[in-house]
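**Q** Give me the fold of what follows.
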Amino acid sequence: MAPKQWPFEQMNEMFFPTFYLSLSFFITILVMIKLARKTKTNLNLPPSPPKLPIIGNLHQLGTLPHRSFRELSLKYGDVMMLQLGKSETPTLVVSSPQVAMQIMKTHDIAFSNRPQNAAAKIILYGCTDIGFGLYGENWRQKRKICVLQFLSMKMVQSFRSIREEEVAELMTKLREVSSSDSSYVNLSEMIRSTSMNIVCRCVLGRKHSGDSYMKVEEAVRNIMVHLAAFTVRDYFPLFGWVDVLTGTIQKYKATFEALDALFDQAMAEHWTTHSKDKGFLDSLLQLQRDSSMLNFELTKNDIKALLMDMFVGATDTTAVALEWAVTELIRNPIIMKKAQEEVRKVVGHKSNIEEDDINQMQYLKCVIKETLRLHPPAALLAPRETISSLKLNGYDIPAKTMVYINAWAIQRDSKFWESPEEFIPERFENSEVDFQGQHFQYIPFGFGRRGCPGLNFALATVEYELASLLYWFDWKLPDDTLNRDIDVSEIFGLVVSKKVPLNLKPIAFSF
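**A** As a prediction, the model looks like this:
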């Protein structure tokens, strides 16, 4: 018969095994934490500027991050790590063409994700688009649809009549101003409206006007600023409620709702009206009806997310590029004269410019290339995010690192460009440097899986519209403004636009 156990002996029998098990577990956790910290400490991370408690390097961003990043990179190197707020996600800033090539070409898949901020989740239908969607088979299928049905060279050429008609309408408006006693025109606004009309017809198959059009125009402008911004929640996850109190989230929702309503209206009208323009929307609805052509279900929100990408991206990229091109030509009268002489010589006395004429305007193409070098629409290429940890240029880059490639800094680097701050289109004459991603010192549209697929669409519009502005008109500044005194201050967003609109007087050219 077993000896009787006293209560404290029974307690010890239950307590000590549990105690030792718990102690072992606790020690194991401590060892794992210590090893994790040691591993983290042993990582060969890129250099970083000194951080402040809590906010990290946030205070060093400034209102124009592309400029702030360049100043920091001159001190801390072309590959630099930042900590923005209390976010667990480190931020890598790259200002070197060699490292940019590794990101966009050598390790393209590893850098193929996008960080999804609060604005993108609200505005882009939960990031189901191709701009901010996560990399994967679904994303690849959607991108393929956008390229084949809207952005391929074949499709861009099919929109030729739309570009010609809308640019002709802009020229008519400018002639009316030049023949009257009217003062100067806001050319920035007129360029933006023309770009939006072209995109609206190409994407939705019809133009829109009236009060709703004004709301949409404002929404498109705001979206590019919103998508480049990060909310309090993005930097400090525990304080997301601040975004609600300050009205930031409501602002994003209002911007989203303006374009969402436009897309709903366009989809409803598609079944009741017939337009001579067959836009991207028609192709998407056809694909939705014939689902056998796809490996996934194309939902209504999927369609609207893709419309949002094409509508917003194409409008702002072309408008901003044109605005900067005209600005630099006004600031450089000799270059302006040379470009006008070429355009007028090629076109001659024809009643209109044909897109086929553009191929003979080599100097005009150099002007556009130089504009995109000095003023890349996306000064910081849309951020990427690492899918997995990897080695980059000898450094350890953790998974889920947010990555900015500073195209603006690379394209003004004196190691690769002579007189990089000067507007010199001649640098591209007899040069092999182009947009195709073989020369990473010149990356205005990025490259690789996350490169901008709208290159052909943007260039076709910019070339034709700029040629028309130079052919039909000379341009005069306000009397008290010197050419070099034009304000070139910037507003930061996914695209970097002029802060002060371009006010000029068109003077009809006499042939």
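**Q** use CA for all of it now, contacts and neighbours both
**A** OK.
**Q** ok, now which ones touch residue 405?
**A** By C-alpha atoms under 8 Å, 6 or more residues apart in numbering, the residues touching residue 405 are 93, 94, 95, 100, 380, 381, 383.
**Q** Adding pLDDT, distance to residue 173 and secondary structure, write the residues you listed out as TSV.
**A** Shown next, in TSV, are the contacts of residue 405 (pLDDT from 0 to 100; distance: C-alpha to C-alpha, whole Å; DSSP: H, G, I helix; E, B strand; the rest coil):
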residue	pLDDT	distance to residue 173	secondary structure
93	98	44	strand
94	99	44	strand
95	98	43	coil
100	98	43	helix
380	97	35	strand
381	97	35	coil
383	96	39	coil
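**Q** Highest neighbour count among these?
**A** residue 380 (29 neighbours; other C-alpha atoms under 10 Å).
**Q** mind listing the strands in the stretch 151-300 of the chain by residue range?
**A** 185-186 (DSSP state E, counting those that start in this stretch).
**Q** Could you check the pLDDT of the residue nearest to the spatial centre of the chain?
**A** Centre of the chain computed as the mean C-alpha position; nearest residue by C-alpha atoms, centre = their mean is residue 494, 4.2 Å away. With respect to pLDDT, residue 494 has a value of 92.
**Q** In terms of helices and strands, where is it?
**A** Using DSSP states H and E, residue 494 falls within no helix or strand.
**Q** go on, residue 372?
**A** helix 362-374.
**Q** what helices or strands is that helix leaning on?
**A** Under the contact criterion of 3 or more C-alpha pairs under 8 Å, 6 or more residues apart in numbering; DSSP states H and E, helix 362-374 touches helix 300-331, helix 333-347, helix 455-472.
**Q** now do 6 Å
**A** Packing contacts for helix 362-374, counted by 3 or more C-alpha pairs under 6 Å, 6 or more residues apart in numbering; DSSP states H and E, involve no helix or strand.
**Q** mind listing what's buried in it?
**A** 363, 364, 365, 366, 367, 368, 369, 370, 371, 372, 373, 374 (16 or more other C-alpha atoms under 10 Å).
**Q** Also compute the angle for it relative to helix 455-472, please.
**A** 120 degrees (axes from the mean of the first three to the mean of the last three C-alpha atoms, to 10 degrees).
**Q** got the contact list for helix 362-374?
**A** 325, 339, 411, 425, 428 (C-alpha atoms under 6 Å, 6 or more residues apart in numbering).
**Q** how far does it sit from the chain's center?
**A** 20 Å (C-alpha atoms, centre = their mean, to the nearest Å).
**Q** what's the angle from that helix to helix 300-331?
**A** 110 degrees.
**Q** sorry, back to before: and the buried residues of helix 362-374, which two are the farthest apart?
**A** Between any two of the buried residues of helix 362-374, the greatest separation by C-alpha to C-alpha is 16.4 Å, found for 363 and 374.
**Q** those helices in the stretch 51-200 of the chain, which residues are they?
**A** 65-76, 97-101, 118-123, 137-146, 153-158, 160-178, 187-204 (DSSP state H, counting those that start in this stretch).
**Q** and of these, who's closest to residue 226?
**A** helix 118-123 (6.1 Å).
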